[in-house]
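Q: quick one: sequence plus predicted model below, questions after.
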Amino acid sequence: QYFDRHFGDPQTLIKIVRYPGKDDPTPQQGVGAHKDSGVLTLLWVEPGKGGLQVLRDGEWVDAPPVPGAFVVNIGELLEYATQGYLRATN
């Protein structure tokens, strides 16, 4: 019941993006460096593709696809709800 006081009605956001953005044709689509604002983000990285990176110790590290798996990002709301115990990363 710990999270009950931090969250109200469930909300869902679905957003489709490409990592990295395409160079041609314009317009480019992609996402720059950011922290996810929600609670959790589930990412599926297309097999054979890449572009997703994580900032670790000041360096950008590739997050390659893992067959049959999702990447789970902790968002800023979960960081807030856990008083920083779990941290949102870039």
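A: Done, it's in. Numbers count the residues shown, from 1 in each chain.
Q: from Q83, how far out is the closest residue in space to L43 that isn't next to it in sequence?
A: Using Cβ to Cβ, 6 or more residues apart in numbering and skipping the chain neighbours, the partner closest in space to L43 is V71 (4.1 Å). C-beta: built from backbone N, CA, C; applies to glycine. As for V71, its distance to Q83 is 24 Å (criterion: Cβ to Cβ, to the nearest Å).
Q: the more surrounded of those two?
A: V71 (15 against 7; other Cβ atoms under 10 Å).
Q: show the pLDDT at that one.
A: Per-residue pLDDT puts V71 at 87.
Q: run through the residues that contact it.
A: Taking Cβ atoms under 8 Å, 6 or more residues apart in numbering, we find V71 in contact with L42, L43, W44, V45, L52, A63.
Q: assumed the first one was part of a helix.
A: Going back to what we said before, that points to L42. No - in this structure, L42 is strand, not part of a helix, as judged by DSSP: H, G, I helix; E, B strand; the rest coil.
Q: what sits against the closest residue to it other than its chain neighbours?
A: Among residues not flanking L42 along the chain, F70 sits closest, at 4.7 Å (Cβ to Cβ, 6+ apart). Counting by Cβ under 8 Å, 6+ apart, F70 touches L42, L43, W44.
Q: what bridges to the residue nearest the centre of the chain?
A: Centroid-nearest residue in the chain: N73, 4.4 Å away (criterion: Cα atoms, centre = their mean). Listed by DSSP bridges, the beta-bridge partners for N73 are T41.
Q: distance-wise, check the residue nearest to N90 when sequence neighbours are not counted relative to A33.
A: In space, and not counting its chain neighbours, N90 is closest to L55: 4.1 Å by Cβ to Cβ, 6+ apart. Separation of L55 from A33 (Cβ to Cβ): 7 Å.
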